[in-house]
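Engineer: I'll drop the sequence and a predicted model, then ask my questions.
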Protein chains: 2
Amino acid sequence: MVRVIADTTTPASPVGGEPLPRKDAERIAGVLKALADPNRLRLISLIQSTEGGEACVCELTEPLGLSQPTISHHLRILTEAGLVERDKRGVWAYFRIVPETLNAVADLLTPPKRRGRRRS
Amino acid sequence: MVRVIADTTTPASPVGGEPLPRKDAERIAGVLKALADPNRLRLISLIQSTEGGEACVCELTEPLGLSQPTISHHLRILTEAGLVERDKRGVWAYFRIVPETLNAVADLLTPPKRRGRRRS
């Protein structure tokens, strides 16, 4: 593409593509809103760092310095957004990350060129 | 790791790691908040789809169905979050994505195993 820097009558790089469909944008914005909180990001990182990839609320309170009800509140938001899933076994409920949701958001954010390299 | 499903006295998967440091979590939450809006996600996708990887406000109004001041408002939020940068040439100001910011967020969201595969 030839770019005419000094041209002041037409923009240099015409927009050719289509924006993300509104419905997809709304869905992804909802997931990002659930993620956009420091405590929830720390919660996710902590669950991800667990050996078995899952943790119960009682294990998360101390490293995060938050009360059990606060952790439960954040886990509920993450679960509703499809970022975390809950598995009850015995008296313990375990929470694990849903990698598909995180990967879908990560793929959307990554520019096409890099995405192409990643998928090759 | 041996998991005792029926054990009701101790959780099955002890949390071993450390959560994301609070400062990092706050910084990333700020970027995610800027992203967590359907119009801003559509704006980013539209700029990314442009042949030269950049667009001026006047080109974005029609495909997004938004007024110029609304587009400018969203671009300002994205610029402040380090997701977009502005380059003024002649009478036109061009906006392009800052891939480093998007990639940093995408890397954070991607579970370690997948990240390892991506980087190889």
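Structural biologist: The structure has been received and is ready for your questions. Numbering: from 1, shown residues only, chains lettered A, B, ... in the order given.
Engineer: quote the end-to-end distance of stretch A:79-88.
Structural biologist: One end of stretch A:79-88 to the other measures 14 Å (C-alpha to C-alpha, to the nearest Å).
Engineer: residues of that stretch that come out buried?
Structural biologist: By neighbour count on 16 or more other C-beta atoms under 10 Å in any protein chain shown, the buried set for stretch A:79-88 is A:81-84. The C-beta positions use only the backbone N, C-alpha and C, and glycine is treated the same way.
Engineer: next, see if that stretch gets close to chain B.
Structural biologist: No - using C-beta under 8 Å from any C-beta of the partner chain, stretch A:79-88 stays clear of chain B, with a minimum separation of 9.3 Å.
Engineer: which other residues reach that stretch?
Structural biologist: Contacts with stretch A:79-88, where a contact means C-beta atoms under 8 Å, 6 or more residues apart in numbering or on different chains, come from A:30-31, A:33-35, A:44, A:47, A:54, A:75, A:78, A:93-98, A:101-102.
Engineer: using CSV, list the CA coordinates for the helix or strand harbouring residue A:104.
Structural biologist: Using DSSP states H and E, residue A:104 sits in helix A:99-109. C-alpha atoms of helix A:99-109 as CSV (Å, rounded to 0.1, in the frame of the first residue of the first chain):
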residue,chain,number,x,y,z
PRO,A,99,-9.6,-22.9,30.1
GLU,A,100,-11.8,-22.7,27.1
THR,A,101,-13.3,-19.4,28.3
LEU,A,102,-9.9,-17.8,29.1
ASN,A,103,-8.5,-19.1,25.8
ALA,A,104,-11.4,-17.7,23.8
VAL,A,105,-10.8,-14.2,25.4
ALA,A,106,-7.0,-14.5,24.9
ASP,A,107,-7.5,-15.4,21.2
LEU,A,108,-9.8,-12.5,20.7
LEU,A,109,-7.3,-10.1,22.2
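Engineer: is any part of it close to chain B?
Structural biologist: Yes - contact of helix A:99-109 with chain B (C-beta under 8 Å from any C-beta) involves A:99, A:102-103, A:105-109.
Engineer: confirm residue A:19 sits in a helix?
Structural biologist: No - read with DSSP: H, G, I helix; E, B strand; the rest coil, residue A:19 is coil and lies in no helix.
Engineer: what about it, distance to residue A:54?
Structural biologist: Counting by C-beta to C-beta, to the nearest Å, the separation of residue A:19 from residue A:54 is 37 Å.
Engineer: drop anything exposed from the contacts of stretch A:79-88.
Structural biologist: A:31, A:33-35, A:44, A:47, A:54, A:75, A:78, A:94-97, A:101-102.
Engineer: which element is residue A:55 on?
Structural biologist: Under the assignment here (DSSP H and E), residue A:55 is part of strand A:54-56.
Engineer: name the SS class of residue A:94, please.
Structural biologist: Classification of residue A:94 by three-state DSSP places it in strand.
Engineer: identify the residue nearest it in space, chain neighbours excluded?
Structural biologist: Excluding the flanking residues, the one nearest residue A:94 by C-beta to C-beta, 6 or more residues apart in numbering or on different chains is residue A:54, at 4.3 Å.
Engineer: residue A:49 too?
Structural biologist: Looking at residue A:49 with C-beta to C-beta, 6+ apart, the closest residue is residue B:17, at 2.5 Å.
Engineer: now do residue A:108
Structural biologist: Per C-beta to C-beta, 6+ apart, closest to residue A:108 is residue A:28, 5.9 Å.
Engineer: tally of neighbours for the one you found?
Structural biologist: By other C-beta atoms under 10 Å in any protein chain shown, 21 other residues sit near residue A:28.
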